[in-house]
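Colleague: Let's see this in three dimensions:
(3 chains)
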Amino acid sequence: MAASSATMFDLSLLSLSAPGWGGVMLGGFVRSLELAIGGYCLGIVLGIGGAFGKLYGGPILRDLLEVYTTLIRAVPELVLILLLYYAGTDAVNQLIGLFNYGPVDINGLVAGIFVIGVVQGAYSTEVLRGAIKAVPPGQIEAARAYGMPPFQVLRRVTLPAMLPYAIPGLSNLWLIATKDTALLAVVGFSELTLVTRQAAGSTKAYMMFFLAAGVLYLLLTLVSNVVIGIIERRARRGMADPV
Amino acid sequence: MSEHVPALPVYTPPKARSLLEPHRLFLIAVFAVIIFCIVWFMRWDWIPQYQGRLLYGIGQTLILLFSTAIAGFLFAVPLGLVQVTGPRPLAWLAKGFCTLIRGTPLLLQLWLIYYGLGSIFAQYPEIRQSFLWPYLRQAWPYGFVTLMISFAAYEGEVMRGAFAGVPKGEIEAAKAFGMRRFTLFRRIWLPRAIHRALPTLTGETVLQLKSTPLVATITVIDVYAVISKVRQDTYLTYEPLLLLALIYLCLTGMMIVAFRFVENRIPTRGA
Amino acid sequence: MKNILKALTVAVALGAAPFSAAMAEQVKLGFAAEPYPPFTSPDANGKWVGWEVEFADAICKEAKLDCVITPVAWDGIIPALTSKKIDMIVGSMSITEERLKTIDFSDKYYNTPTGLIGPKDQTFDAKPESLAGKVIGVQVSTIHQAYATHYFGAKGAEIKEYQTQDEANQDLAAGRLDAVQADSIALDAFLKSEAGACCDLKGYVEDDPAILGLGVGVGLRKEDGALKEKINAAIKAIRANGTYDTFSKKYFDFDVYGK
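Modeller: Predicted coordinates:
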C-alpha cells in the first residue's frame, strides 16, 4: 500500500504542462478571480445605487430595496445562485425576445458575474449605507451650500468621505466574494473548485488536488489581507485611531 | 484584518412600522398580485406528494444547524481563549487554524474532507475493520465535522475579541477578591466574554443556516437535497427553488425572532 | 476619485457585455461537466475528449453546425436546455418517456446494457432479492436512479444519489457503497482503472424499456424541430459513410450502436 500512497501525492500531476493538471487549475483560478472581481464591482455599483436609494429615495424605492436586501441576506447563496443562474438567463432572453432581437448568447462568465454581483449588491448596500450615514452631515451641507450639483456632491464629497468607514465592510465583502465563486461549481461553471474536482476525479488524487486548490484560495486571501491593510492605512490617514 | 468579522452587516428585519401608509398598501397590492400569479400560473401539484420528505428535510437541516452551531461554539471558546492568553505556539496554531478555515471556501473543505478522506479509505482497506467504520461509512459525520469546524473558526475570531475586550478592572477586582485563576475564568471572564459575543451569534447562526445546503453535495439529505430531488423528478426549474427560498426565508425569520426574544431576556446593564 | 470612476465604468461595461450578438448558426452543445470516461472526460490540457466528443464533432461537421462545447452541471442539464443556456444535449442521455414529457430527442446514437458492480470480496448478483439491505450508489436524474429506486429500493436496498458518476465510483472504492448501478461501458472504464481494482461486475440488470429507455439520443428543445431533422440526418449519414465506425473502433471492440 506504500506505493499507492506515493501515487496519491504524485506532485508531477501538478506540473503546468500536459500530463500535469497545474495549467488547468491555474486557468480555473483565473476564472475564479474574474468572477470575483466582476461580481464584486457589480456588487459595489448596485450597493452605491442601493445605499443612495435607501437614504434619499422615495418611499416605494426604499421599501423595494429593503425587500431586496432582506431576501438576499436571508436565503442561502447556493439557492440564489441556482435561481439567478437559470432565471437570470431566461429573463434576459425573454426580454430580448420581446424586442425581437433573437436569442443572445449569455456566456457562463457573465451569468456568474451577474449572480455574484446581485448577491454582493445586497450586502454592499448595507455597508455603504452605514458608511454614508457616518459622514458628518455638515460636510455634505457645505458642499451643497457651495452650489455643487448633486452628482458632484456625490463624486467629490460623499464618496471620498465615506470611504474610510466603508473599507472594513467592503474588504470583508471582497473576501466573501472570492469564496462565493466556489459555489458556481454546483451549476457546472469551470472555476477553480470544479476544475479541481474534475482533475481529482480523473486522476483519483483527491487529497492532493483539493489541498492544492486550498493553497491557491488561501494565498488569494492572504495577499488580499496585505493589500487591504495597505489601503486601510492610506484611507485612515489624518483620522483618529479607532478605539 | 481579523477585526473585520463584525463589519459584516448583521441581519436586521425591517421594523414593523405602520403597514397602512398609502404607498405600502400599493406595494402590498402589487406583491399580492405577483404571489397570486406565482401560485396560479406555476405548477405546485407536486407539493402534497413530497410534503413528508420536505418536513423531514427541514428537520435534518435544523438538527444539522443547531448541533454544529453548539459544538462549534464549544470549540470557539478555547480557540478564542488561547489566542488571548495561551502560550505563543498554541496561540499561533489557533490563529493559523482560523485563518486557514476562513480563507478557503466551505465547499472545497467539504469535498476535501469527504472525498479526500474517502480516497484514503480506498488506499487502506484496513480502516474498514475499525469500530468507527459504521459511522465513517455514512455521509453526515463529514458534513457535521466540516460545518462545526467552520462555525468554530468564525466564532473563534469573535470570541478572541470578546475575551480581549472584557474590561481589565473586572478581572483585577476578581483577583483582589482572592479568586483563583480557574474560578476567575469560570465566574467572571468567560461569562462576560460570552455576553459580549452574544449579539454576533444571531448573525453567525444565520450564516451557518445558509451554509447547511452545501452538505447536499456529499449525499446528506437535507431540505435542499429534497428540493433537488423534486427538481429532478418533475423537471421543474423554478417552482421548487422558489419554495426552497421561501422555506429558508421563514427559517431565518423565525430564528431572528427567537434570538431577539432570548436577547431581550438577558439583562444588558453594564455591557 | 478618478480611479473609482474608472472602476465604475469597467463594471458597467462588464454588465453590458452579455449583449454581444450571437452567430447565426452557432449551436451550444452541452454535456455534464464531469469525468465520464470513455464518453466525455477532461484531459490535462483542459480539453474534452472521449467517444461522445468525437461523435459530436462528427455530427456537427456533417450538419454544418458551428458547435460550441458548453459543459454544465448534470443535475441542471434539462433546465439549462429549456432556458437556452445550451441548445442540445450530447451527454449520454437515454430517451425515456419521462424526459420526453419535457424535451425532445433525436434518434438514438448508442445503446448499451446497464450493469451493476460491487467489491470483489462480496458475492451477489443484480437481482432485487440479493440486493436487499445493500447500499447502492447511482447518479442523480439518470435512468439508473429511476431503475434502482423502482426495483431495488422497493426491495429494501438503500439508494444513494450522487451528483456525478465519478463520485459514486469513488465512494464504492472507499467502501461507503456496496454496489453501483450505471451504464456498463462507463462501469467497464472504471473497473479497468487503478481505482477500480477493488471491484468487479456483478451482472447486468434485467431490462425494462419503460424505465431504461431505448438508447441514448441527442436532447433537444421541443420547438427546435429543424435542428432535430438536421441531427437525425447527420446521424444517419455518419452511420452510412463509416465515420461512426471509424471513431468507435478507437474506443470499443464491439458495436456500441446496439440493436
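
Colleague: only C-alpha atoms for contact and neighbour calcs from this point on.
Modeller: Noted.

Colleague: Could you pull up the residues touching residue C:191?
Modeller: The contact partners of residue C:191, by CA atoms under 8 Å, 6 or more residues apart in numbering or on different chains, come to C:197, C:199-200.

Colleague: I'd like to know which of these are buried.
Modeller: Buried by 16 or more other CA atoms under 10 Å in any protein chain shown: C:199-200, out of the contacts of residue C:191.

Colleague: Return the member of the contacts of residue C:191 nearest to residue B:61.
Modeller: residue C:199 (34.3 Å; CA to CA).

Colleague: Grab the nearest non-local neighbour of the closest one.
Modeller: Computed as CA to CA, 6 or more residues apart in numbering or on different chains, the closest residue to residue C:199 that is not its neighbour in sequence is residue C:119, at 4.1 Å.

Colleague: Which phi and psi values does the one you found adopt?
Modeller: phi -60, psi 150 (degrees, to the nearest 10).

Colleague: near chain C, which residues of the stretch 51-200 of chain B show up?
Modeller: By CA under 8 Å from any CA of the partner chain, the residues of the stretch 51-200 of chain B that approach chain C are B:115, B:118-123, B:125, B:128, B:136-138.

Colleague: Just those: which are in helices?
Modeller: Residues of these located in helices (DSSP state H): B:118-123, B:136.

Colleague: Contact residues of chain A facing chain C?
Modeller: Counting by CA under 8 Å from any CA, the residues of chain A lying close to chain C are A:17-21, A:23-24, A:38, A:41-42, A:45, A:86-87, A:89-90, A:103-107, A:110, A:114, A:155-156, A:160, A:186-190, A:198-199, A:201-202, A:204.

Colleague: ok so, going back, tell me the confidence at the residue nearest to residue C:199?
Modeller: pLDDT, residue C:119: 95.

Colleague: tally of neighbours for it?
Modeller: Residues within reach of residue C:119, counting by other CA atoms under 10 Å in any protein chain shown, total 21.

Colleague: same check, this time on residue A:136
Modeller: Residues near residue A:136, counting by other CA under 10 Å: 12.

Colleague: returning to what we had before: overlap between the residues of chain A next to chain C and the residues near chain B?
Modeller: When CA under 8 Å from any CA is applied, the members of the residues of chain A next to chain C adjacent to chain B are A:86-87, A:204.

Colleague: out of these, which are inside helices?
Modeller: Using DSSP H, these in helices are A:86-87.

Colleague: any chance of the ones next to chain B among the residues of chain A next to chain C in TSV, plus neighbour count and pLDDT?
Modeller: Converted to TSV, these look like this (neighbours: other CA atoms under 10 Å in any protein chain shown; pLDDT from 0 to 100):
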residue	neighbour count	pLDDT
A:86	21	81
A:87	17	79
A:204	22	86
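
Colleague: Tell me the one of the ones next to chain B among the residues of chain A next to chain C nearest residue A:227?
Modeller: For these, the residue nearest residue A:227 by CA to CA is residue A:86; the value is 35.0 Å.

Colleague: how deep is the closest residue in space to the closest one that isn't next to it in sequence tucked in, by neighbour count?
Modeller: Nearest residue to residue A:86, sequence neighbours excluded (CA to CA, 6+ apart): residue C:83, at 6.5 Å. If you count neighbours by other CA under 10 Å, residue C:83 ends up with 21.

Colleague: likewise the one 3 residues further on?
Modeller: Around residue C:86 sit 25 other residues, with neighbours defined as other CA under 10 Å.

Colleague: I'd assumed residue C:69 was in contact with it.
Modeller: No. Residue C:86 lies out of contact with residue C:69 (CA atoms under 8 Å); the separation is 9.1 Å.
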